[in-house]
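Visitor: Would you be able to build a 3D model of this:
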Amino acid sequence: MSAYAHPEVLVENEWLAAHLHDPTVRVAEIDYDAQANYDLGHIPDAVLFDWRRDINDPVTRDLLSREALEALLRRAGVGPDTTLVLYGDFNNWFAAFAYWVFAGYGVQHLRLLNGGRKKWIAEDRPLTKEIPTPTPSRYVVPAAAPGFRAYLDDVRGLLPKVRAGEVALIDVRGPKEFSGEITAPVEYPNEHAQRGGHIPGAKNVPWAQAVRDDGTFRSREELEALYSAQGVTRGKPVITYCRIGERSSHTWFVLKYLLGIDDVRNYDGSWTEWGNLIRTPIERP
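Guide: Numbering: from 1, shown residues only. Model (predicted):
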């Protein structure tokens, strides 16, 4: 089997276990239910990043600012040469979301733990309830990299190209969300949109199809077959979306780093924006 396009972005449990006390490595856990999981036990010396509080703006529906990210990484002891390993629950949903945000700001030396929290626990690897106290750093976050994020107007403007097959628009939600049968994922039954369905021309490739039962990513050949069947090919621009942008960050990671598709953006406004706005077109079977 051929290697991923950028295999260096993933680390396996064996590698992390051998580097737990490496001063050049920092581990961060990012979960949906952040504090509860972390308090149950986390990888030794892992810091907690709360995706709601730490990776989103506290007032505006937006990502955290460059200054806030800089403060977050400084508190975590992340320096310019630190290898930052991200992991979490739900097969790295929110770890991938953090990866997308951090990479978009130009943070270097990012890694995702293949299999996340699930595989680490399944292999009976060490957990602790001790809270680390890293030495603060003086890290300076680079300016945001262009082209990692899609906005509402971008998607609206590209709909003719989506319909013509010139741009791939990938809805990574479950089939029932895509069809409009339900308006919230089963994990969040109370977080509904006003309308069910999908953005016109979108293809449905649920994010979870990219991982095995143990939470690790499928082979490159399997992933290429999965996405090429829905019109995703190297050289064609791709936009991913879901409900709030976390599951589509996971697919963005797969397409960009594992398959090597350069022009891929995540529309994090996703269905909470599109499905709730007046006069945005939707499709339902």
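Visitor: Would you mind checking the average pLDDT for stretch 27-38?
Guide: The average of the pLDDT scores along stretch 27-38 is 94.
Visitor: And for stretch 196-203?
Guide: Model confidence over stretch 196-203, given as mean pLDDT, is 97.
Visitor: Give me the distance between the two termini of that stretch.
Guide: 15 Å (C-alpha to C-alpha, to the nearest Å).
Visitor: Tell me where the protein has helices.
Guide: Shown for the chain, the helices assigned by DSSP state H span residues 13-18, 34-40, 51-54, 66-75, 93-104, 116-122, 152-163, 175-179, 220-228, 246-253, 270-274.
Visitor: which ones are touching the nearest residue to R265 once chain neighbours are set aside?
Guide: On the basis of C-beta to C-beta, 6 or more residues apart in numbering, the spatially nearest residue to R265 that is not a chain neighbour turns out to be A150, at 4.1 Å. Quick note: C-beta positions are derived from backbone N, CA and C, even for glycine. Residues near A150 by C-beta atoms under 8 Å, 6 or more residues apart in numbering: I239, Y241, R265, N266, Y267.
Visitor: Please identify the deepest-packed of the helices of the chain.
Guide: helix 246-253 (a mean of 28; mean count of other C-beta atoms under 10 Å).
Visitor: and the angle for that one with helix 93-104?
Guide: Computed with axes from the mean of the first three to the mean of the last three C-alpha atoms, to 10 degrees, the direction of helix 246-253 lies at 60 degrees from that of helix 93-104.
Visitor: burial measure for L86, as a count.
Guide: Burial of L86 is recorded as 25 neighbouring residues (other C-beta atoms under 10 Å).
Visitor: And it, what's its pLDDT?
Guide: As predicted, L86 sits at a pLDDT of 98.
Visitor: residue contacts, the closest residue to it other than its chain neighbours?
Guide: The shortest distance from L86 to any residue other than its chain neighbours is 4.3 Å, reached at A95 (C-beta to C-beta, 6+ apart). Contacts were defined as C-beta under 8 Å, 6+ apart; by that measure A95 touches E29, I30, L86, Y87, G88, L112, L113, G116.
Visitor: can we see that at 7 Å?
Guide: Contacts of A95 were listed using C-beta atoms under 7 Å, 6 or more residues apart in numbering, and they are I30, L86, Y87, G88, L112, G116.
Visitor: Which pLDDT value belongs to it?
Guide: Looking at A95, its pLDDT reads 98.
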